[in-house]
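Chemist: Build me a model from this:
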Amino acid sequence: MFLKFTGFERHQPKRHLSACRLLVLAIALCIGVSAQAPGPESQSSKKGVPVSAPASTSAPAVASQPDKVHEMTTDDVGAFVDGIMPLQLGREDIAGAVVLVVKDGKVLFAKGYGYADVDKKIPVTPDGTLFRPGSTSKLFTWTAVMQLVEARKLDLDRDVNDYLDFKIPATYPQPITLRNIMTHTAGFEETIKSLWVPTPADLKPLREYLIEHMPARIFPPGVTPAYSNYATTMAGYIVQRVSGESFDDYIEQHILNPLGMQHSTFRQPLPDNLKSLMSSGYTVGSEPPKPFELVQPWPAGSSSMTAMDLSHFMIAHLADGKYENTEILKPETARLMHARQFENLPQMHAMALGFYEETRNGHRIIGHGGDTEFFHSDLHLIPDTEVGFFVSYNSAGKGEISPREALWHAFLDRYYPYTPRAGAYVANADEDAKTVSGSYISSRRFESSFLAVLTPLGQMKVSPGPDHTILSDELKNLNGKPKHFTEIGPLMFRNVDGQDLLGFKRDASGRLIAVIDWPFMVSQRAYWYQASMFNMIVLGGSLGLFSLTLLLWPIGYFIRRHYRQTLKVSPTLGRLRTWVRIVCAIDIVFVLTFVAIVVYGEKDISIFTPKMDFWFHLLQFVGWLGVLGTLIALWNALESWRYAERGRWSKAGDTLLAVATVGFTWFVIHWNLVHWVGNY
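Modeler: The predicted model follows:
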């Protein structure tokens, strides 16, 4: 789940759930076996919300173009969603979900599916079940910022240091601004430490968290998008400082209460009056529920709310800041918030102020997704038709497909049928395919801490495909097969089976940048020493030789004993030989222990808190012993060549082992595995 679990966010098609997973495989999402039957259909006290029993048909993995445009009515949407959700929940082993559609300032459809509590058989309801929408919470933080901009208390283009009582170091000449933060171009690296914490007592004040967990700045502001929970939390703290109210109080008094969102909060733990309404969270529905998640950077993703409450917020943004008789933003402020602010390529989706574009099927769409460990949500707004769509699941599920993406795309194809225009054949398509082929690393990455090791593990690989196309094994269709992209313009490619775009450009240094449809991050062409293949050869080859050396050590002893032979080495070489094998064991133990810790972190990310610092530093101490042991391996190889009676193959083996320790040392130092830092 790593980019998943580092982000409260669906970062990109299955790759983000691969680099997420990778940070959790090496930190990665679980696969369940038995399916949880959907619970009874929920009911709403709101007029117009259907309560009919769900059907059992399913939507196709990739929706086909319908023969006619379906009218978006309560009955039609109900029949359509009922035909998808029960099968999704059963097939993906998801306990429960809620779906909401608003249109023309009203709730058109709202319904819960499955269970909020599987053991107690409590059904999900749209107005009586709280879900954790994860990073969708950020939209409330951004709305709060825009309210203060509207009140002339904040300036989007002013140095944020002017609003803080601590300083962001001047790594680059350009200061970080709120506009940078809201477009995810502040330039911070990724961090996960204390993203979740185990108990309420571990939650720290925002100021303390921000100072202790400040990430390194790895990009100049306004240039390279890199999604940042830290920067969003800093914006929430600025709201707190400028308004003179705590962040939670401000959100309640200026957004939740005015919109009548009485079953919504950012507070952790939940207020007593909401605890009984909270849905349990699950890895898969067939397994026991998990504890309530405690998010330390809470302006970035701690909210709990019902779908019906959220409808008020969605309607307000679709109506340029107004819900019924309440105005939370002036029309001009809302339109500014929804407008394009930062683009990677003109033809592709851009960042608005907090919202990001998801334009599809001929309509401009803005929205925001969100993930906690167990809840997975998407919010979409189609301003030109005044339609909003929200879905949230209370389980991670098997992870074989993205259920919310499948549902949303099927919804669009049903009510907004669209066929992309065919692109003209590009004469140099094969040459361009070769030009863009290679490995790419995400701009949203760990760079200064030991988790930088995830960079060679989770890369996007682009390669030439058949019929003048390119493909990436990280960008997949809902059927699990890699998407094939055909060139429709200079270094601009479109999925041959859909609308997804993949574009390429060069930065100021000439380095290729891959741009996908999620505008809050890009992927940079990996240098040769960053590429997965090179690093896996170095690491895998080194560990393989270490393991083989340790395996052959006792075998060689018993063979010599059987044939009554002695090992022809000098006393010095004999001691060095033993120490080299100890070094091999240390290096293997270091790697296995590191992997074990981060894999365990997949099951409980809240272990990554300051309480783990001692154990990480102890492990790094072991790593340094292995690094220093490289000198012993080099000394052993030198002595081996000096000793005349040492056989040629033995000398070659000692030399190869020395090379392996050098390679291993380069790997652990280059990727900061022994970098003694407290923040990660």
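Chemist: all helices for the stretch 551-680 of the chain, in order.
Modeler: For the stretch 551-680 of the chain, the helices defined by DSSP state H, counting those that start in this stretch occupy 571-603, 613-642, 648-670.
Chemist: isn't residue 88 right next to residue 410, touching?
Modeler: No. When contacts are counted by C-beta atoms under 8 Å, residue 88 is not listed as touching residue 410 (10.5 Å). Every C-beta, even on glycine, is put in place using the N, C-alpha and C of the backbone.
Chemist: Go through the helices of the stretch 551-680 of the chain and name the closest to residue 333.
Modeler: Among the helices of the stretch 551-680 of the chain, the nearest to residue 333 by C-beta to C-beta is helix 571-603 (40.8 Å).
Chemist: helix, strand or coil for residue 147?
Modeler: Classification of residue 147 using DSSP: H, G, I helix; E, B strand; the rest coil returns helix.
Chemist: how many neighbours does it have?
Modeler: For residue 147, the neighbour count with other C-beta atoms under 10 Å is 21.
Chemist: Surely it and residue 330 touch.
Modeler: No. Checked against C-beta under 8 Å, the pair residue 147 and residue 330 is beyond contact range at 9.4 Å.
Chemist: Got the confidence number for the residue located most distally from the centre of the chain?
Modeler: Centroid-distance maximum for the chain: residue 564 at 59.8 Å, with C-alpha atoms, centre = their mean. Looking at residue 564, its pLDDT reads 80.
Chemist: likewise the one 5 residues further on?
Modeler: Confidence per residue is given as pLDDT, and for residue 569 that number is 78.
Chemist: residue contacts, it?
Modeler: 577, 643, 646 (C-beta atoms under 8 Å, 6 or more residues apart in numbering).
Chemist: how about a cut-off of 10 Å?
Modeler: 575-577, 636, 639-640, 643, 645-646, 650 (C-beta atoms under 10 Å, 6 or more residues apart in numbering).
Chemist: likewise residue 129?
Modeler: 42, 96, 98, 112, 115-117, 122-123, 263, 277-279, 305-308, 392, 394.
Chemist: please redo it, this time with the cut-off set to 7 Å
Modeler: Applying C-beta atoms under 7 Å, 6 or more residues apart in numbering, we find residue 129 in contact with 98, 112, 116, 277, 279, 306.
Chemist: Over to residue 226?
Modeler: Here residue 226 is in contact with 184, 187-188, 219, 443-444, 521 (C-beta under 7 Å, 6+ apart).
Chemist: From the structure, what's the count of residues near the residue lying closest to residue 202 once chain neighbours are set aside?
Modeler: Closest residue to residue 202 apart from its sequence neighbours, by C-beta to C-beta, 6 or more residues apart in numbering: residue 609 at 6.4 Å. Residue 609: 16 surrounding residues under other C-beta under 10 Å.
Chemist: quick revisit: between the contacts of residue 569, which sits nearest residue 358?
Modeler: The closest of the contacts of residue 569, once distances to residue 358 are taken by C-beta to C-beta, is residue 636, at 58.7 Å.
Chemist: Just give the number of residues close to the nearest residue to the closest one once chain neighbours are set aside.
Modeler: Distances taken as C-beta to C-beta, 6+ apart put residue 576 closest to residue 636, at 4.1 Å, once the chain neighbours are dropped. By the measure other C-beta under 10 Å, the count of residues near residue 576 is 21.
Chemist: now swap in residue 528 and tell me
Modeler: 9.
Chemist: Please report the distance of residue 257 from residue 317.
Modeler: 17 Å (C-beta to C-beta, to the nearest Å).
Chemist: and those two? which has more neighbours close in?
Modeler: Using other C-beta under 10 Å as the criterion, residue 257 and residue 317 rank with residue 317 on top: 23 against 13.
Chemist: tell me the pLDDT at that one?
Modeler: 98.
Chemist: Over to residue 476?
Modeler: 89.
Chemist: I'd like to know the beta-bridge partner residues of it.
Modeler: With DSSP bridges applied, residue 476 shows beta-bridge pairing to residue 482.
Chemist: Just confirm it contacts residue 495, I think it does.
Modeler: No. When contacts are counted by C-beta atoms under 7 Å, residue 476 is not listed as touching residue 495 (10.5 Å).
Chemist: which residues do the two both contact?
Modeler: residue 483.
Chemist: related to what we said a few turns ago, what's near enough to touch the residue nearest to residue 202?
Modeler: Residue 609 neighbours (C-beta under 7 Å, 6+ apart): 193-194, 197, 202.
Chemist: In PyMOL, select just the buried ones from those residues.
Modeler: Selection of buried members from these for PyMOL, criterion 16 or more other C-beta atoms under 10 Å:
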select buried, resi 193+194+197
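Chemist: The contacts of residue 609 into a markdown table, with extra columns for distance to residue 288 and pLDDT?
Modeler: Listed next are these as a markdown table, based on distance: C-beta to C-beta, whole Å; pLDDT from 0 to 100:
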| residue | distance to residue 288 | pLDDT |
| --- | --- | --- |
| 193 | 27 | 93 |
| 194 | 25 | 93 |
| 197 | 21 | 94 |
| 202 | 23 | 94 |
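Chemist: now, the most widely separated pair of the contacts of residue 609?
Modeler: Longest span within the contacts of residue 609, C-beta to C-beta: 193 and 202, 11.9 Å.
Chemist: re earlier: mark which of the contacts of residue 129 are buried, thanks.
Modeler: Buried among the contacts of residue 129 (16+ other C-beta under 10 Å): 98, 112, 116, 277, 279, 306.
Chemist: helix/strand/coil for residue 157?
Modeler: Quick answer, by three-state DSSP: residue 157 is coil.
Chemist: And the pLDDT at it?
Modeler: 98.
Chemist: Check residue 559 too.
Modeler: 84.
Chemist: which one is it nearest to, not counting chain neighbours?
Modeler: residue 565 (8.0 Å).
Chemist: dump the residue contacts of the residue farthest from the centre of the chain.
Modeler: Applying C-beta under 7 Å, 6+ apart to residue 564 gives no contacts.
Chemist: burial measure for residue 675, as a count.
Modeler: 16.
Chemist: Domain ranges for the chain, per the record?
Modeler: Using automatic domain parsing, the domain parsing of the chain gives 144-243, 532-670.
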